[in-house]
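Student: Requesting a structural model of the entry that follows:
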Amino acid sequence: MKTESAATLFEAFRQLKVLVIGDVMVDAYTWGSVSRISPEAPVPVVLAKNKEKRLGGAANVALNVQALGAVPIPCAIVGDDIDGEFFLNRLKEKGISDKGVITSTERQTTVKERVLSGAHQLLRIDTETDKALSAIEQKSLLAHIKNLLPECDVVIFEDYDKGVINATIIAETISAARELGIPTVVDPKKRNFMDYKGATLFKPNLKELREGLEIEVDPKDLESVKSAAQALQAAIHAEHVMVTLSEHGVCITEEDAMHHIPAHIRQVSDVSGAGDTVISIVACALAAGLDAQRTAALANLGGGLVCEHVGVVPIDAQDLMREAVAQGIFS
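Tutor: Here you go, the predicted model:
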């Protein structure tokens, strides 16, 4: 397809279905104010004023996909608990299908609870399990993936190392997707880092790149980044490796070349969820036929935009389209 205009690209997003495989969770927030220190311990006392729960993890990727205009289909596992019930109800409220979500009595739903005073995060409490899938859970999840895959245009692996994604899930999904001509994009974590062989695009951040290859990489030395990215690309046989470098922007490989896109100056409030936005934009842009360099530039822009908000929030498609035009990503 022709993608010479932002309007054409974003219209193409509306034709896409995106399978989102990974670790879903609930993001919980308690907002309040601090005016004193506790007499029980040297810690601030937060007077709670507001509490909220949101879809998080791979479900926030689904929200970003939906915000871009595409149809997300989450494929994941939640616990048979009150937070799992909240998760399924919130999916329904957001108009997102739950046909790929399994409820398991063997796991608990992951919850990340943040306590904030103004825009400052004081504490985070995680409730989770990261144990491996049981044989029954794995069989059920693979059946859901293979049943849903033929109706989708692109697959996102959103790995948070909570145990839902494993080497078998990865290998069988990528193999099935390749047979159907469906691209696969990956937001990895350490546990399964080298297992995504044959993925279309692999997107580690700088820390993940260093840990995954066990080498030092200097983000200010682009040759260092290029060497590491190309070594990773060769090792996992990926078509593209895209490395996010925080304030140093992003780099993406394309055949023997590497493109570097500098970061945009932002008033950063919270980096939580930025990676979810980046991988969502990458998946939709590649599925819609956008070239690698502009895909990286658009995703870099979107990741910066969501960092201007407190808490995990999906991208605003209209803001992204306006900024993409203003920054000259489209002619």
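Student: Ala132: which element?
Tutor: For Ala132, there is no helix or strand it lies in under DSSP states H and E.
Student: thought it was touching Gly163?
Tutor: Yes - under the criterion of C-beta atoms under 8 Å, Ala132 is in contact with Gly163, at a separation of 5.3 Å. C-betas here are computed from N, CA, C, even on glycine.
Student: Pick out the residue nearest the middle of the protein.
Tutor: In the chain, the C-alpha nearest the mean C-alpha coordinate belongs to Asp276, at 2.7 Å (C-alpha atoms, centre = their mean).
Student: ok, now how distant is it from Thr173?
Tutor: The gap separating Asp276 from Thr173 is 19 Å, by C-beta to C-beta, to the nearest Å.
Student: Specify the beta-bridge partners of Leu47.
Tutor: Each beta-bridge partner of Leu47 is listed here: Ser33, as defined by DSSP bridges.
Student: mind checking how far it is from Glu239?
Tutor: 52 Å.
Student: Poorly predicted segments of the stretch 151-300 of the chain, please.
Tutor: For the stretch 151-300 of the chain, residues meeting the criterion pLDDT under 70 lie at 265-273.
Student: hey, where'd the helices end up in it?
Tutor: Ranges of helices within the stretch 151-300 of the chain are 167-180, 206-213, 222-236, 274-287, 292-306, based on DSSP state H, counting those that start in this stretch.
Student: what sits up against the following helix or strand past the last one?
Tutor: Elements were assigned by DSSP H and E; along the chain past helix 292-306, the next helix or strand is helix 317-326. Applying C-beta atoms under 8 Å, 6 or more residues apart in numbering, the external contacts of helix 317-326 come out as 6-7, 10, 13, 67-69, 281, 297-298, 301-302, 305, 330.
Student: returning to that earlier point: so Ala132 and Gly163 - more neighbours on which side?
Tutor: Remark: of Ala132 and Gly163, Gly163 carries more neighbours, 18 against 12, as counted by other C-beta atoms under 10 Å.
Student: check contacts around the more buried one.
Tutor: 23, 107, 129-133.
Student: Of those, which is the most crowded?
Tutor: In terms of neighbour count, Arg107 stands highest of those at 24 neighbours, by other C-beta under 10 Å.
Student: Okay, Ala235 and Lys92: tell me how far apart.
Tutor: Shown here: Ala235 relative to Lys92, a distance of 41 Å by C-beta to C-beta.
Student: more neighbours, the two?
Tutor: For Ala235 versus Lys92, neighbours defined as other C-beta under 10 Å are more numerous around Ala235 (14 against 11).
Student: For Gln108, see how far away that one is.
Tutor: Relative to Gln108, and taking C-beta to C-beta, Ala235 is found at 34 Å.
Student: swap in Ala283?
Tutor: Counting by C-beta to C-beta, the separation of Ala283 from Gln108 is 28 Å.
Student: do the same with Ile174
Tutor: 28 Å.
Student: swap in Thr168?
Tutor: Per C-beta to C-beta, Thr168 is found 22 Å from Gln108.
Student: got it, and Asp27?
Tutor: Using C-beta to C-beta, one obtains 16 Å as the distance from Asp27 to Gln108.
Student: repeat for His120
Tutor: Following C-beta to C-beta, the distance that separates His120 from Gln108 is 29 Å.
Student: Comparing the two, which shows the higher neighbour count?
Tutor: Regarding His120 and Gln108, a neighbour count based on other C-beta under 10 Å identifies Gln108 as having more, with 15 against 11.
Student: before we move on, which element is that one in?
Tutor: When elements are assigned from DSSP H and E, Gln108 belongs to no helix and no strand.
Student: what's the burial count for Ala119?
Tutor: 11.
Student: how about it, phi and psi?
Tutor: Note on Ala119: its backbone torsions stand at phi -100, psi 10 [degrees, to the nearest 10].
Student: try the one 10 residues further on
Tutor: Recorded main-chain torsions at Thr129 are phi -130, psi 140, according to degrees, to the nearest 10.
Student: who touches it in this structure?
Tutor: Going by C-beta under 8 Å, 6+ apart, the list of residues near Thr129 reads 107-108, 110, 162-163.
Student: Tell me which two of these sit farthest apart.
Tutor: Gln108 and Gly163 (11.3 Å; C-beta to C-beta).
Student: Looking at Leu47 and Glu239 now, which is surrounded by more residues?
Tutor: Comparing Leu47 with Glu239 by neighbour count (other C-beta under 10 Å), the higher total belongs to Glu239, at 18 against 11.
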